[in-house]
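Novice: got a predicted model here, sequence first, then my questions.
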Protein chains: 2
Amino acid sequence: MPTQKKQDPRAIRSKRVFKEAVVDILIENPDISKLTVQKIAQRAELNRATFYLHFVDINDLLKQVVYDIFDDLLSKMSPTLQIDNLNNQEQLITFLDYIYKHRKILAVLFEHPGFNKKMHMTLKDLIVIQRKSEGADSTLSMDILASSILGILMWWLRNGVHFSSEYIANQIVELYR
Amino acid sequence: MPTQKKQDPRAIRSKRVFKEAVVDILIENPDISKLTVQKIAQRAELNRATFYLHFVDINDLLKQVVYDIFDDLLSKMSPTLQIDNLNNQEQLITFLDYIYKHRKILAVLFEHPGFNKKMHMTLKDLIVIQRKSEGADSTLSMDILASSILGILMWWLRNGVHFSSEYIANQIVELYR
DNA sequence: TGTTTTATTAACAACATGTCAATAAAATAG
DNA sequence: CTATTTTATTGACATGTTGTTAATAAAACA
C-alpha cells in the first residue's frame, strides 16, 4: 500500500481544516482567481507554511477536495446511471440531487480542469443508455454522451440552479430519447 | 456611440500587441494559472505599466481576446447552424472547422468562464434543430441543447482534438436524431 | 514519563501587483 | 512643416504573494 503510513492525527486535522477553509472561502467568493494560500491559511487559523507541508499548491488542495467529493458521491450512488425514456429515473435523480445539494462548491469546482476530467470519467463509467428510437443501435460514443451531460450540468450550476433535479432529469432523458 | 472616440494608433497597436503576446504565451504553455502581467508585457516588448493603461487585469485582456475571436467566427458563419439527421451538415462543419483551426488557443479559453458564457449564447442563437424522431415535437430547451453541444466541444478540445470535424458533426447529429 | 518523531512557526529572498509623477513621442491644428 | 496639445510610455515605489529553511514546540508512543 503506497499511501498507508501517514497517520499522525495532527496532519489529518490540518489537512481537513485546510480543505474546509478553502471550501468556505469559495462558497463566499466564487472567484477562484482571487484565491491565495495566505487567505486559506488565515481562514484555517494555521500558518501558511503548514499549507506547503501538506499540499503542493492551491491546485493540489482543490484536487484533493474534488477527490473527496467524488468518493462521497460514488459511495452514495448505485453502480449505474440508467438513462432511458420510460420511468426509471430514480438513479439519475439521486445523482442530480447530490449535485444540487452541493451546488455552491461544485459550481466553483467545475471551473477546475481536473474536476471536469474526473466527472467525465465518472459519467462515462456510470451511464447506461437505452435509446428507444427506431433504427439501428446508436453508434454514439460514450465520450460524446458523457461530455454532453457534463455540459448540461455545467450550465445548470453556472446559472445558479434555477431548475429542479427533476426538470434536468427530464431534459436529459428527452435529449437521448 | 459609446465606444467611438478612441483612435490613437499607438493605443491600437499596444492593445493588439498585448493580445498577440498573451495568445502566443498560452499556446506555448496552456497553464493559465501561470500567466502573469509581467510575462505578457515582456513578450509584448512593452512596459508592464502600459498594460494597466489598456486593460484592468489579465481576465479583462482575455475577455477581449475572446470577443475578437467571436467577432471573427460570427463574420464567417451563416446566421444559423442547422442540425438535422439528413445531409445539410455544411454549416455545422464550417463551424467545427473554425474551432479545429483555432484549437490551441480555444482549448485554453474554454477554461475561461466568460468564454463559456459567450459560446453558450452564440450556440443558443445559431442552432436550428429538426428532430426526425416520431412523437410530439421536442420540448427540449434551447439552453439544454446549447450546453450539451458546448460540453462536446470542450471535451473535443481538451482531448487534443484527435477526432475530425466530420466525426464530431456526425456524433452531434446522431445525438439529436 | 522520557524520548523520538514530525508538525508548526517566524523570518527571508524572490517575484508579482497596481499606481504615480516625470518623460517621450505621436497626433493634429495652424 | 512646425508648434502645441494630447496621451502613451516609463522607472520607481509600496504592498502583497510565494516557496523554503532552520529553529521551536507539541503530539505520539514505547
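Specialist: Arrived safely. Here the structure is a predicted model, which means the values were calculated and not measured.
Novice: wait, A:A41 touches A:L53, no?
Specialist: No - the criterion here is C-beta atoms under 8 Å, and A:A41 misses it with A:L53 at 11.2 Å. All C-beta atoms are positioned from the backbone trio N, CA, C, and that covers glycine.
Novice: more neighbours: which of the two?
Specialist: With neighbours defined as other C-beta atoms under 10 Å in any protein chain shown, A:A41 and A:L53 compare such that A:A41 has more, 19 against 11.
Novice: okay, now the closest residue to that one other than its chain neighbours: neighbour count?
Specialist: Distances taken as C-beta to C-beta, 6 or more residues apart in numbering or on different chains put A:R48 closest to A:A41, at 4.1 Å, once the chain neighbours are dropped. For A:R48, the neighbour count with other C-beta under 10 Å is 14.
Novice: any idea how far A:Q38 is from A:R48?
Specialist: Separation of A:R48 from A:Q38 (C-beta to C-beta, to the nearest Å): 6 Å.
Novice: how many residues are close by A:N59?
Specialist: Neighbour count of A:N59, defined by other C-beta under 10 Å: 14.
Novice: which element follows the host helix or strand of it toward the C-terminus?
Specialist: Assigned by DSSP states H and E, A:N59 belongs to helix A:58-75. Under the assignment DSSP H and E, the closest C-terminal helix or strand after helix A:58-75 is strand A:81-84.
Novice: give me the distance from that next one to the chain's centre.
Specialist: 19 Å (C-alpha atoms, centre = their mean, to the nearest Å).
Novice: what is the rounded mean pLDDT of that strand?
Specialist: Averaged across strand A:81-84, pLDDT comes to 74.
Novice: following element in sequence after that strand, please.
Specialist: helix A:90-101.
Novice: what strands line up against the helix or strand bottoming out on mean pLDDT in chain A, and which way round?
Specialist: The helix or strand of chain A with the lowest confidence, counting by mean pLDDT, DSSP states H and E, is strand A:81-84 at a mean of 74. Strand A:81-84 has the following sheet partners, assigned by DSSP bridges: strand A:127-130 (parallel).
Novice: got the contact list for the strand it pairs with?
Specialist: Contact with strand A:127-130 is made by A:80-85, A:138, A:140, A:142, A:145-146, A:149, A:176, as judged by C-beta atoms under 8 Å, 6 or more residues apart in numbering or on different chains.
Novice: buried members of those into PyMOL, please.
Specialist: In PyMOL syntax, the buried subset of the contacts of strand A:127-130 is picked out as below (16 or more other C-beta atoms under 10 Å in any protein chain shown):
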select buried, chain A and resi 81+82+83+84+140+145+146+149+176
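Novice: need the contacts of strand A:127-130 in JSON lines (columns: distance to A:D71).
Specialist: As requested, the contacts of strand A:127-130 are arranged in JSON lines below (distance: C-beta to C-beta, whole Å):
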{"residue": "A:T80", "distance to A:D71": "18"}
{"residue": "A:L81", "distance to A:D71": "17"}
{"residue": "A:Q82", "distance to A:D71": "22"}
{"residue": "A:I83", "distance to A:D71": "23"}
{"residue": "A:D84", "distance to A:D71": "28"}
{"residue": "A:N85", "distance to A:D71": "32"}
{"residue": "A:S138", "distance to A:D71": "32"}
{"residue": "A:L140", "distance to A:D71": "29"}
{"residue": "A:M142", "distance to A:D71": "23"}
{"residue": "A:L145", "distance to A:D71": "24"}
{"residue": "A:A146", "distance to A:D71": "19"}
{"residue": "A:I149", "distance to A:D71": "20"}
{"residue": "A:Y176", "distance to A:D71": "28"}
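Novice: mind listing what's buried in stretch A:146-160?
Specialist: Under the neighbour-count criterion of 16+ other C-beta under 10 Å, stretch A:146-160 has A:146-158 buried.
Novice: great, nothing more from me.
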